[in-house]
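# Using only what follows, build the 3D model:
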Amino acid sequence: MDLRAPEWPGERLLHRLAVADAAITFELGGARTLAEREVRRAESTSRARAEYVALGLSSRAGFVTDGEGRDRFLCAPTGAKGRVHYPDLLVASPGGLLAVEVEISEKAPAELRRVLRAYRDARAVFGQVVYLATEPVMALVHGYVHPQTGVWTDGVAQQVGLLPPGPPEYRTDSPFLVRHFQPREPGVAHQLDLRQLPDAWRVDFGRWKTLRARWERERSGGLGFLAWWLGQRP
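As a prediction, this is how the structure comes out:
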C-alpha cells in the first residue's frame, strides 16, 4: 500500500506503528497474535479468563505468581504490589507463549534491567522472549564489540542472567532472542532510519526510497543500510 508514517511522528505513535508492522508480519506467517491491550483485558478480567486465553494460544499454559499472590498467565511480574510487565505482542506457539518486544529507542539501563529480570523469572509463562530492536538497542540488550579495540562488552541480558557472558549464540528456538527490527512498511522503516541519524542527514521519503533501492543493488558482505549510507557521505 506504500502507506507512509506521519512526518516525524511522536515516539509513542511511531512505536505503535512499529508494533503493528511486527504483528502483521507474524500474522502473514500464519501465527495468531494478541496486542498488549487484549492481554491487559484478559488479565484484568479473572484468573479463569487469563488461563483460557493462554490455552488458546499454546497447549502449554504456565503461570507465575505476582507480589500480591495472584497467578499470572500472560505477563511477567516485576516486583511487589502486584506490578507486572505486558509484552508488546503475544504470539501463539505450541512450545509456550512467545512474548515479543518491539524496541525502537534505548531505555534507561535500570528500566531494561527490571523488565529483563521479570522475563528471566517468568519462564513458566513464556516459551520464548524475542526482542525486535534497532541497532543501538541491540547493543544495550545483548552487548557489542568496540569498533576500535575489538573488545566485547556484555549487555543487560548477560548482566541479569538471561544470556551467558560473551557474544550471544542464538538459535531459532533460543529462550531469549534478539533480532534486528526491519519493518515491512516503507513509511515506518523511513522514520526509524532517520531517527538513528543526525538531523543534517534528514531526507524526504522519495530520496530515502532511492537510497534504499541503490543499497539493495550495491550491498555486499551483508552491510546494513545505515552503515552503507554512512559510507556514502563525504
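
# residue ranges with poor pLDDT in the protein?
When the per-residue scores of the chain are filtered using pLDDT under 70, the ranges that remain are 1-10, 220-222, 233-234.

# for it, what's the longest helix?
helix 11-28 (DSSP state H).

# nearest residue to residue 82 other than its sequence neighbours?
Closest residue in space to residue 82, ignoring its immediate chain neighbours: residue 68 at 3.8 Å, by CB to CB, 6 or more residues apart in numbering. (Glycine included, C-beta is placed from N, CA and C.)

# Now do the SS call for residue 178.
For residue 178, the reduced secondary structure class is strand; criterion used: DSSP: H, G, I helix; E, B strand; the rest coil.

# Quick check: residue 202 vs residue 66, distance?
Spatial separation of residue 202 from residue 66 under the definition CB to CB, to the nearest Å is 44 Å.

# Which one's more surrounded, these two?
Using other CB atoms under 10 Å as the criterion, residue 202 and residue 66 rank with residue 66 on top: 20 against 12.

# thought the more buried one was touching residue 82?
Yes: judged on CB atoms under 8 Å, residue 66 makes contact with residue 82 at a distance of 4.9 Å.

# Could you break this structure into its assigned domains?
Residue ranges for the domains of the chain, per automatic domain parsing: 11-185, 197-234.

# measure the first one end to end?
The first and last residues of domain 11-185 sit 17 Å apart, counting by CA to CA, to the nearest Å.

# quick one: contacts for the residue lying closest to residue 50 once chain neighbours are set aside?
Distance criterion CB to CB, 6+ apart; nearest residue to residue 50, sequence neighbours excluded, is residue 73 at 4.3 Å. Contact criterion CB atoms under 8 Å, 6 or more residues apart in numbering gives 43, 47, 50-51, 53-54, 61-63, 125 as the residues in contact with residue 73.
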